[in-house]
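Visitor: need a 3D model of the sequence below.
(chains A and B)
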Amino acid sequence: MDRMVPQSWADQMAEQGDNDLDEGLASDLPPPEEIIDGDTKKIITYRYNEEGKKVKTVSYYRIERRQVSKAIAMRKSWKKFGNAKRDPPGPNPSNTSIVSDDIFMQFISNRDDDQLDASRDSNLDSKSQALGNRSIVKCRYCEQDHWTSKCPYKDKFEQLSILKEKDNAAAQASVEPKLEDGKKTGKYVPPGMREGGNKRGDVMTSSKSKDEPNTIRVTNLPEEIMDSDIRELFLPFGRVVRIFLAKDKYTGQSKGFAFVSFEKREDAANAIKAVNGFGYANLILNVEWAKPSNN
DNA sequence: GATGAGCGC
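Guide: Numbering: from 1, shown residues only, chains lettered A, B, ... in the order given. Have a look, this model is predicted:
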């Protein structure tokens, strides 16, 4: 394996630099070839060895084909536009980086979504029961046998939701007057007040939930720091579920502190122990439990 | 030195 096909802008620049250096020698070498044959990629490169002899190097790579859904595969055929109009299909490595980590999205749900989810989950549950009661599902967060929508605090969450439904039933009686035939009025009910509402929101998505047991506050951060740096810094301790880097609303300038929520409280505790007092870019970080924000 | 944004009625 010798000189590879350039991977990124930086590599391309490095490559160019190299070529400039040995231009006199390299100019009469054939250009590298890339041959794709089924699942195998063959890359042929030429160079001169120490004795000045021409050497041909052939390297074989297995092309990993990942199974993607049709919808995703279809996007490959979309026309590129703007500055990328003339780019070949697929990501351009000079401006696109591929992250293989799991990326968690925040889903802001309303009641209708939850009802859909619930019915979908129960359908699947009955399917898995039909399959001999052995669970075929795996939570993306804790890898236990349940659907991710019920995680990461499955047990805790179920207790919570039972409590909450009681509360909601009481709240609803006063908040949401019913019509005689039992149908709801058109009156707006905030998601948090709806029947069984905002279930996932309370666990995962609501930054203003009353208890934020897994959130730490990091202060004394350098002002140039970015979310991704913070993620990198805390990823070793466990799954980071949310990062909030305080920035000025108008200038976007970092205010030098951030909140990081972990999936597990113990991960957060470890992070505090380890990173508090840690030197980062000539500053000493201060890490402690976050207090719940006002409102 | 500092405890987070926004949307909806």
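
Visitor: remind me which residues of chain A are low pLDDT?
Guide: For chain A, applying pLDDT under 70 flags the ranges A:1-27, A:64-66, A:97-211, A:295.

Visitor: how many residues are close by the closest residue to DNA strand B within chain A?
Guide: Nearest to DNA strand B in chain A, going by C-beta to the nearest atom of the strand, is A:S293, at a distance of 2.0 Å. C-beta here means a position set from N, CA and C on the backbone, and glycine is covered the same way. Residues near A:S293, counting by other C-beta atoms under 10 Å, number 11.

Visitor: for it, helix, strand, or coil?
Guide: State at A:S293, reduced to three classes by DSSP: H, G, I helix; E, B strand; the rest coil: coil.

Visitor: next, it: phi, psi?
Guide: phi -70, psi 160 (degrees, to the nearest 10).

Visitor: again with A:K80
Guide: phi -80, psi 160.

Visitor: that one contacts A:D87, doesn't it?
Guide: Yes. Assessed by C-beta atoms under 8 Å, A:K80 is found in contact with A:D87 at 5.3 Å.

Visitor: next, A:D267: secondary structure please.
Guide: Classified using three-state DSSP, A:D267 is helix.

Visitor: contact partners for the residue nearest to it when sequence neighbours are not counted?
Guide: Using C-beta to C-beta, 6 or more residues apart in numbering and skipping residues adjacent in sequence, the residue nearest A:D267 is A:G238, 2.8 Å away. A:G238 makes contacts with A:F262, A:E263, A:K264, A:E266, A:D267, A:A268, A:N270, A:A271, as judged by C-beta atoms under 8 Å, 6 or more residues apart in numbering.

Visitor: wait, the first one sits on A:P236?
Guide: No. With contact defined as C-beta under 8 Å, A:F262 and A:P236 do not form a contacting pair (11.4 Å).
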